[in-house]
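Engineer: Got a sequence here, can you build the structure:
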Amino acid sequence: MTPKTFPLARQALALTALCLSLPALAQTATVVITGNPLGRDIGARPVSVLTGPGLLLRRASTLGDTLDGLPGVSSTGFGPNSSRPVIRGLDGDRVRVLDNSGAAVDASNLSFDHAVALDPLVAERVEVLRGPAALLYGGNATGGVINVIDGRIPAVPRAAGQGLGGRAELRLGGAANERGAAAVLEGGAGAWAWHADAMGRQTDEQRTPTFTPVEDGTSLDPSNRVRNSAARSQGGAVGAAWVSDQGHLGAAVDTLSNRYGVTVEPDVTIRLQRDRLALGGEVRSTTGWVRSLSARAGHTRYRHEEVEGSGEVGTTFASRGNDLRVEARHAPWLGLEGVIGMQAETLSFSALGEEAFVPATDTRSQAVFVLEELKAGAIVLSAGARAEQVRVSSEGDEAGAAEVKFGDPASRRFAPRNLSLGLRADVAQGLQLNATLGSTQRAPAYYELYANGVHLATAAFERGDPQLGLERSRHVELGLAWRSGSHSVKASVFSTRFANFIALDATGADITVPGEGGEPDTLVPEYRFQGVRARLRGAEIEGRSRLWQGSLTLDLSGSVDLLHGDNLSAGEPLPRLSPTRTRLGLEAGFGAWRSGLDLRHAARQNRVSANDSATAGHTVLDLWASGTLWGSGTGSGAGATWFAKLSNATDELAFNPVAVATIRGLAPMPGRALSAGVQLRW
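Structural biologist: All right, here's what the predicted structure looks like:
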């Protein structure tokens, strides 16, 4: 953290010490199963939950843009179609994205231009756990976990005479001229319940304030569009389950197709298709040693084709994944309450075509874990452990390949171990303290081991290292939460130190890449995956305060997050870190009508690695209004809610410092735009 950031931080903390938080977070006793399968409230833990009106106002075309701006959460910003969440400076295989608590299989961790194969339009709830969750979900959750929940496998019995239920949503406008709609139907008879949903979205090229695009260090003609950024997606699902007060057992099948342009390659379009079959069930009991037993399993087929302007398919990426998770919660024993579980996953990946820089691979993992809690008065102690076995295999070059890139078949085995200790204490009325210590290990991903080729998304020749060892880190975090009536504050400070952080660093060499179709050869920088020492430190504070209570209510809210990361081996900052960010919001309510403003400021990011450049700070103002036409405005129960939002009201030109350099100068953040929509519930 540079000295210049401290005045801003002091001012922001002084403001937020009085009243800070996001509307969706000002809740008590919110059960977040993603963070704790024992069903405890979130308290002082670094957890965000989006649901109801909070999710309705934040929905975007990508998961990353939907969550961007939550405390500690940013996005990769690779154009408007492939923005993946970043948590506390960590992304890719350090942030675990879950689909209803199961593995979300796609290729978004491999490349920044690959979209997450989950659409927020049909989500009814999104849970975000910041900080290591490796104990429950493996080393791929070193940065955190994002769980997208859509209720496709019914788990709650329908009340007698409840009849047909569901919701429908229509969204129009925005910087990309979005036309989006989704519908969910739910019903049942007797012990059976069913679910069906469908969605569709179409967008044009995203509008921005006028800017001068920069590509490969060359300035292009001024523009107010992000080139080749239009998209079209559609999907749907059906599910059914046997449901009772003692549990449920069901299945669901869903499909998603997405066709979108790739901004860094103006003539390339990606055709993405994901199909998934999911099974899930739970049995609960009030007697016996096992009080609940739950299981989830899924099979996913993923494929995307990168289509050239000529209509030819340049490269095809395909994945097949299976996942199984079983959890058993036992009865209190010697004062302990806990969960014992096992998890198994397989992933078969292949890439065919001229831009394939990773061989066909197969990854298999099996793990067992245990989490126990002991309550002693106002203090709850927790401890957990996870043992895992991982095998990552490469098929090498195909027989008779014209070009030798990946060598002979190879395989590596790893045995990650993860430990966690925690303390939660109610230190005073409405005041809770949370402390966590953890040791995390992650097996290298297939591309970190076996990559060998030009990666267009990063404009680099990437080389894996088959001899990489486990990524190892230790984590400490302190959290404090206070609530009194309609006033609340939640704060956390954390430090993560990596003894072996797998970084993609420049070697200083250039690789000659032969030209195609008579074009001249080009030089691209060489980058290699290697283990380095690294450290991440940061702080987050959020809160909310009721300024006026009467027929008119007035609430002030806000958040601040600070992040500082270093590559200790190279003596330079870690790349693509979010700068100090401050948010202040003012919300007025009158009966069923609400309106507000959000002012978001990101400081200039001067702390950059040697191969990056500083990014200017920016301040963005959003204005919004919503109202209930009839029924409940809480997002539950029958009703109708409308919303309108003027984003970036001052048309501020802003660039995302978390984005890689190849896209940052081509895709500014969206310009001023009006969007509106309505949601019906019955």
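Engineer: What's opposite the spatially closest residue to Ile663 that is not a sequence neighbour in the beta bridge?
Structural biologist: Setting aside the residues directly before and after it, Ile663 is nearest to Phe78 in space (CB to CB, 6 or more residues apart in numbering), at 5.1 Å. To be clear about C-beta, it is placed using only N, CA and C from the backbone, and glycine gets the same treatment. Beta bridges link Phe78 to Ser82 when assigned by DSSP bridges.
Engineer: my guess is Phe78 contacts Arg576, does it?
Structural biologist: No: in this structure, Phe78 is not within contact of Arg576 by CB atoms under 8 Å, at 11.2 Å.
Engineer: Measure how buried the residue nearest to Ile663 is and give me the count.
Structural biologist: Applying other CB atoms under 10 Å, we find 30 residues neighbouring Phe78.
Engineer: returning to that earlier point: for Phe78 and Arg576, list the residues in contact with both.
Structural biologist: Ala659, Val660 (CB atoms under 8 Å, 6 or more residues apart in numbering).
Engineer: Pull out the buried positions in stretch 220-239.
Structural biologist: 225-231, 233, 235-239 (16 or more other CB atoms under 10 Å).
Engineer: got it, and stretch 302-317?
Structural biologist: Residues Tyr302, Arg303, His304, Glu305, Glu306, Val307, Gly314, Thr315, Thr316, Phe317 are the ones in stretch 302-317 that count as buried (16+ other CB under 10 Å).
Engineer: Quote the end-to-end distance of that stretch.
Structural biologist: Stretch 302-317 has an end-to-end distance of 8 Å (CA to CA, to the nearest Å).
Engineer: For that stretch, the averaged confidence score.
Structural biologist: In this model, stretch 302-317 has a mean pLDDT of 92.
Engineer: Parallel or antiparallel, list what pairs with the helix or strand hosting Glu306.
Structural biologist: According to DSSP states H and E, Glu306 maps onto strand 290-307. Each strand paired with strand 290-307, and its direction, by DSSP bridges: strand 269-284 (antiparallel), strand 313-333 (antiparallel).
Engineer: closest one to Ala134 among those?
Structural biologist: strand 313-333 (14.7 Å; CB to CB).
Engineer: Just the buried residues of the closest one, please?
Structural biologist: 314-325, 327-330.
Engineer: what's the pLDDT at Ala644?
Structural biologist: Taking Ala644 on its own, its pLDDT is 98.
Engineer: what's the spacing between the residue nearest to Ile663 and Asp106?
Structural biologist: 14 Å (CB to CB, to the nearest Å).
Engineer: So what pairs up with Phe643 in the strands?
Structural biologist: Beta-bridge partners, per DSSP bridges, of Phe643: Ser626, Gly677.
Engineer: my bad, Ile270
Structural biologist: Tyr260, Glu306.
Engineer: okay, now it: neighbour count?
Structural biologist: Look at Ile270: counted by other CB under 10 Å, it has 23 neighbours.
Engineer: how close does the residue sitting nearest the centre point of the chain sit to Pro120?
Structural biologist: By CA atoms, centre = their mean, the mean C-alpha position of the chain lies nearest to Pro85, the distance being 3.7 Å. Distance, Pro85 to Pro120, by CB to CB: 11 Å.
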